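>>> Quick one: sequence plus predicted model below, questions after.
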Amino acid sequence: MAKSNDLARIITGCKGGDAKCFSEIVDMYASRCYGYFYRLTGNNDISDELLSELFVKLVEKIGSYMGGSFESWLFKVASNIFHDHLRNKQRRKKLLEVQITEFESGTIEPKQSEGELTDKLQIQLGRMDEDTRELIMLRFYSQLSFKEIAQKRSEPIGTTLAKTHRALKKLREFMEG
Amino acid sequence: MENRNSENLRELFEKFFDAEQAENCVEDIQKAEQIFREHPAPEPDDMLIANIKAEIAMRLQASRAHRFRRIIYEVLGAAAVILFVATVSLQLFEKDPPTGEVVYASLIPTAIWESDDIAADDEDLAVFTAQIEQIEDEVMALQSGEDTGNGDSTIVELEMELIEINGDFWKG
């Protein structure tokens, strides 16, 4: 209760444009949001960029937060930022299609991007599709309940439960295999 | 990251699966989440956090300056509107006729209105007056027995002339 009162105070401060309150929000959520972005992208630099973008966006959008679960709202913004990043990536990929084809057909073995894919979990997550990966990340990093995740994804809670269960079971198999 | 908003996973899964399946699902999820705890994602760099905070502070300052400018513009706009409305209202009030005081304009020039010399003020009246005076003299002469040479017809003629003048006078 004290924690939620504290959060309410901080959010009110943020809405009033208090930089100190924004700093507190950054301290509270940076680690989890970074983990969320990192596990989705597998890249430190991109995660850095996305995290910065998220908190800058927070300054612009805090006025539109109208109560309810702040974490749910924050991760909704984070998810939108990640999807924007994916769209931009797709666009860039199309533009550079020729160069990428040349690079891939070359003799150089595609390296793991700057030594990012270092841990086993990240490698196994990379084997899953974007949607499933995001579902798992939301479940683990956002601290959202299944009900909130289902609402965010605009699907019935039963579907979310089944998809998450399937995805986590698969991930476990990958990790044990 | 243990608290999931006090969510009871078993209860939730039992709504969609039988008790045994729900038990397995919960177990699968808990084991998978254990994997995440064993493989923590890297933490954001301290420098990155400091940069984010600095960026936020900068944006807030810019936004405050922008808001201040907007308030100034809004106040100036409001003042201009109030001034305009006040000016228009004043003009409208000034155009209203004063109540309780009616001003009449005379068609007759004041000099004539105030003059007692009617004959001098009106040429026709002066002519008529002269004619009446002339006829009066002639009537007086006739009555006193002075002969004008025309006899009875002269009196009748004078009377006719008098009647005619009288009629012309009242016709205006």
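Arrived safely, thanks for sending. Residues are numbered from 1 along each chain as shown, chains lettered A, B, ... in the order given.

>>> who does the stretch of helix or strand residue B:142 belongs to touch, helix- and strand-wise?
Secondary structure from DSSP states H and E places residue B:142 in helix B:123-143. With contacts taken as 3 or more C-beta pairs under 8 Å, 6 or more residues apart in numbering or on different chains; DSSP states H and E, helix B:123-143 sits against helix B:118-121, helix B:152-171. (C-beta placed from N, C-alpha, C; glycine too.)

>>> Break chain B down into its domains, please.
Under the assignment automatic domain parsing, the domains of chain B span B:9-38, B:43-96, B:110-171.

>>> Would you mind giving those domains as CSV with distance to residue A:8 and mean neighbour count added?
Output for these, formatted as CSV (distance: least, C-beta to C-beta, whole Å; neighbours: other C-beta atoms under 10 Å in any protein chain shown):
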stretch, distance to residue A:8, mean neighbour count
domain B:9-38, 27, 15
domain B:43-96, 20, 12
domain B:110-171, 86, 11
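
>>> Excluding chain neighbours, what is closest to residue B:132?
residue B:165 (6.7 Å; C-beta to C-beta, 6 or more residues apart in numbering or on different chains).

>>> Wait, that neighbour touches residue B:131, no?
Yes - Residue B:165 is in contact with residue B:131 according to C-beta atoms under 8 Å; the separation is 5.7 Å.

>>> hang on, the earlier thing: can you tell me which of the helices and strands packed on helix B:123-143 has the worst average pLDDT?
Out of the helices and strands packed on helix B:123-143, helix B:118-121 stands lowest, with a mean of 63 (criterion: mean pLDDT).

>>> quick one, helices of chain A?
Secondary structure of chain A, counting by DSSP state H: helices at A:2-15, A:19-41, A:44-61, A:70-95, A:97-105, A:120-125, A:130-141, A:146-153, A:157-176.

>>> Equivalent analysis for chain B, please.
Along chain B, counting by DSSP H, helices occupy B:9-14, B:19-38, B:46-95, B:110-114, B:118-121, B:123-143, B:152-171.

>>> which regions of chain A lie under the pLDDT threshold?
Within chain A, the ranges that satisfy pLDDT under 70 run A:1-3, A:98-118.

>>> hmm, try it at 50
For chain A, the stretches with pLDDT under 50 are A:107-117.

>>> Might you list the low-confidence residue ranges for chain B?
B:1-2.

>>> residues from it in reach of chain A?
By the rule C-beta under 8 Å from any C-beta of the partner chain, the part of chain B lying against chain A is B:1, B:3-5, B:7, B:9, B:12-13, B:15-16, B:25, B:28-29, B:31-33, B:35-36, B:39-45, B:48-49, B:51-53, B:55-57, B:59-60, B:63-64.

>>> gap between the residue nearest to residue B:132 and residue B:28?
Remark: distance between residue B:165 and residue B:28 (C-beta to C-beta, to the nearest Å) = 136 Å.

>>> Kindly report the same for residue A:142.
Distance from residue A:142 to residue B:28, by C-beta to C-beta: 20 Å.

>>> With residue B:144 instead?
156 Å.

>>> Mean neighbour count for the helices of chain A - can I get that in CSV?
Output for the helices of chain A, formatted as CSV (neighbours: other C-beta atoms under 10 Å in any protein chain shown):
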stretch, mean neighbour count
helix A:2-15, 13
helix A:19-41, 21
helix A:44-61, 19
helix A:70-95, 16
helix A:97-105, 10
helix A:120-125, 18
helix A:130-141, 20
helix A:146-153, 19
helix A:157-176, 18
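
>>> possible to save those as JSON lines with distance to residue B:155?
Below are those laid out as JSON lines (distance: least, C-beta to C-beta, whole Å):
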{"stretch": "helix A:2-15", "distance to residue B:155": "118"}
{"stretch": "helix A:19-41", "distance to residue B:155": "125"}
{"stretch": "helix A:44-61", "distance to residue B:155": "119"}
{"stretch": "helix A:70-95", "distance to residue B:155": "125"}
{"stretch": "helix A:97-105", "distance to residue B:155": "137"}
{"stretch": "helix A:120-125", "distance to residue B:155": "146"}
{"stretch": "helix A:130-141", "distance to residue B:155": "136"}
{"stretch": "helix A:146-153", "distance to residue B:155": "128"}
{"stretch": "helix A:157-176", "distance to residue B:155": "135"}
